[in-house]
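K.L.:
Next input, structure requested:
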Amino acid sequence: MKIDIDKLIKLNALASKHFHKKHTIILPPGEKINFNNALGIEYDKGNWKLEDGLQEYVEILLKQKNLSDEMRVLMIFEKICKDYVYDDNLISYIKKVDDDVFCLPDWYGRDVNQDWERNRKTHNRRICFELSRYLAVAIMQLFEEKENFNVCILWNKDLTHYLVGLASDEYSVTLDTDDFFYIKDLTRIKTGLTAKGITILEDTNEKFANVLTQFNDGRSEYAIEDVETKRMNMANMNNTDKEDEHVLFLKEVMHILEEYNLDSQGIFEYMKEIIDIKLGSETRRKIWKRIDGEDSHRESTRYIRCLIVNINGKEYLVDRDQRIIREFQREEEKDKRGPFIPYSALSRGDYDYYNGK
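P.N.:
Predicted coordinates for the structure are as follows:
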């Protein structure tokens, strides 16, 4: 597979038009390609390489001759979504600059050193920069012998976000494992929901669209539908304390989510969407929870988001770290030694370094 700059420029134009945001084309470091910097093309600052499990999976897919190219792409996408979880500590570093414009320290996943890469191997939490590199490299290896496929990463600088672009002679698509504004496919795929992070920009003969439909067949589109179905198939939890029906409902949802072994961000996204649909977004607010690191400099300390939901005048904590729902007292977020911090009170910035663990 060779890189056709003209095709990538066309892909980028389609993506920028669809998402209403200009993107920068990101190419793998070390490539020797002549291009005009004015076109919005850069080499990536991080290495493009696969971890062992993904490398083995690519090799397995290459041996399965009965699979279409498009299904191989979707199976790689699915594999990444199932094997990795979102590193939600990242969110504590994101700063809003203007409407729909955000900033993030470059050392958090985009321009990293060997210490960062080594620390990341101790867990499976990743962010868009890392996940997009995995996906791009895997697709490039799948199409190594085919010249009509082109792969790049598209960088939305305003949202500090990477996603993968794929262009062929027949279609142009983008693949995003972790759309920030909705339930990420990192979560959706784990819970049996449809893939929503794949955008078809151009597909004259519906070749990719047909395979995507096949991939999504039998999956629910909305989290609330999936949960309601599972609640009908399970006996109601014992309600010995005669809890409010909405509190009991949320506890049942949390119980259902346990079977998926979701990460804290996945639980947050799932519960947030269900609360918004069932109770209304006005009933909930966000709060930070500190997860103390074990190193002496606290460089592995993380912060995650939890939800506080108001039900009939009482506040309840949706603690996605402990995976529980309990009554919450306002005094808890006033305790400076405690783990809970008001959402507007946390400020990190470049100086509060995180080592990737």
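
K.L.:
Let me see the confidence value for Gly313.
P.N.:
At Gly313, the pLDDT value in this model is 94.

K.L.:
State the distance from it to Glu144.
P.N.:
Noted for Gly313: a distance of 61 Å to Glu144, by Cβ to Cβ, to the nearest Å. In this view, the C-beta of every residue, glycine as well, is placed from N, C-alpha and C.

K.L.:
neighbour-wise, which of these two wins?
P.N.:
Per other Cβ atoms under 10 Å, whichever of Gly313 and Glu144 has more neighbours is Glu144, with 12 against 5.

K.L.:
Now do the more buried one against Val137, distance only.
P.N.:
11 Å.

K.L.:
Over to Asp352?
P.N.:
Asp352 is 31 Å from Val137, by Cβ to Cβ.

K.L.:
Same question for Val227.
P.N.:
Applying Cβ to Cβ to Val227 and Val137 gives a distance of 35 Å.

K.L.:
Kindly report the same for Met1.
P.N.:
Per Cβ to Cβ, Met1 is found 12 Å from Val137.

K.L.:
Looking at these two, which is more packed in?
P.N.:
Per other Cβ under 10 Å, whichever of Met1 and Val137 has more neighbours is Val137, with 21 against 16.

K.L.:
which residues touch that one?
P.N.:
By Cβ atoms under 8 Å, 6 or more residues apart in numbering, the contact set of Val137 is 28, 48-50.

K.L.:
Work out for me the element it sits within.
P.N.:
helix 128-142 (DSSP states H and E).

K.L.:
Could you look up the next helix or strand downstream of the host helix or strand of Phe77?
P.N.:
Element membership for Phe77 (DSSP H and E) is helix 69-83. Next helix or strand after helix 69-83 toward the C-terminus (DSSP H and E): strand 85-86.

K.L.:
What segments of the stretch 101-250 of the chain are strands?
P.N.:
101-103, 125-126, 150-156, 161-167, 171-175, 198-203 (DSSP state E, counting those that start in this stretch).

K.L.:
Adjacent strands (with direction) for the third one?
P.N.:
Right, the one you point to is strand 150-156. strand 24-27 (antiparallel), strand 161-167 (antiparallel) (DSSP bridges).

K.L.:
Can you say which of those strands is packed in most?
P.N.:
Of the strands paired with strand 150-156, the one with the most neighbours on average (mean count of other Cβ atoms under 10 Å) is strand 161-167, at a mean of 26.

K.L.:
Next, the angle from that strand to helix 69-83.
P.N.:
On the basis of axes from the mean of the first three to the mean of the last three Cα atoms, to 10 degrees, strand 161-167 is oriented at 160 degrees to helix 69-83.

K.L.:
tilt between strand 161-167 and helix 128-142?
P.N.:
Angle between the axes of strand 161-167 and helix 128-142 is 20 degrees (criterion: the same axes, to 10 degrees).

K.L.:
Over strand 161-167, what's the mean pLDDT, rounded is fine.
P.N.:
97.

K.L.:
Give me the angle between that strand and strand 198-203.
P.N.:
40 degrees.

K.L.:
contacts for strand 161-167?
P.N.:
Under Cβ under 8 Å, 6+ apart, the answer for strand 161-167 is 4, 7-8, 10-12, 15, 25-26, 73, 128-129, 131-133, 135-136, 139, 149-156, 172-176, 180, 197.

K.L.:
which ones are touching Leu54?
P.N.:
Here Leu54 is in contact with 76, 79-80, 83, 134, 138 (criterion: Cβ under 8 Å, 6+ apart).

K.L.:
Out of these, which comes closest to Thr160?
P.N.:
Relative to Thr160, the closest of these is Tyr134; by Cβ to Cβ it sits at 18.3 Å.

K.L.:
Check whether the closest one really touches Ile80, as I assumed.
P.N.:
Yes. With contact defined as Cβ atoms under 8 Å, Tyr134 counts as touching Ile80 (5.8 Å).

K.L.:
circling back to that earlier point, I'd like the strands paired with strand 150-156 laid out as a markdown table, including distance to Phe328.
P.N.:
Compiled in a markdown table, the strands paired with strand 150-156 are given as follows (distance: least, Cβ to Cβ, whole Å):
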| stretch | distance to Phe328 |
| --- | --- |
| strand 24-27 | 42 |
| strand 161-167 | 32 |
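
K.L.:
residue nearest the centroid of the protein?
P.N.:
Asp178 (2.4 Å; Cα atoms, centre = their mean).

K.L.:
what about that one, distance to Ile291?
P.N.:
20 Å.

K.L.:
Next: Val211.
P.N.:
Distance from Val211 to Ile291, by Cβ to Cβ: 40 Å.

K.L.:
excluding its backbone neighbours, what's nearest Asp111?
P.N.:
Lys45 (4.0 Å; Cβ to Cβ, 6 or more residues apart in numbering).

K.L.:
Identify the residues contacting the helix holding Phe77?
P.N.:
Contact with helix 69-83 is made by 53-54, 57-58, 61, 64, 67, 124, 131, 134-135, 138-139, 142-143, 146, 149, 166, 175, 177, 185-186, 188-190, 195, 198, 207-208, 211-212, 214-215, as judged by Cβ under 8 Å, 6+ apart.

K.L.:
redo that, cut-off 7 Å
P.N.:
Helix 69-83 is contacted from outside by 53-54, 57-58, 61, 124, 131, 134-135, 138-139, 142, 166, 175, 177, 185-186, 189-190, 195, 207-208, 211-212, 215, using Cβ atoms under 7 Å, 6 or more residues apart in numbering.

K.L.:
same question, stretch 259-272
P.N.:
85-86, 88, 183-184, 186-187, 190-191, 223, 253, 257, 304-305, 307, 318, 320-321, 323.
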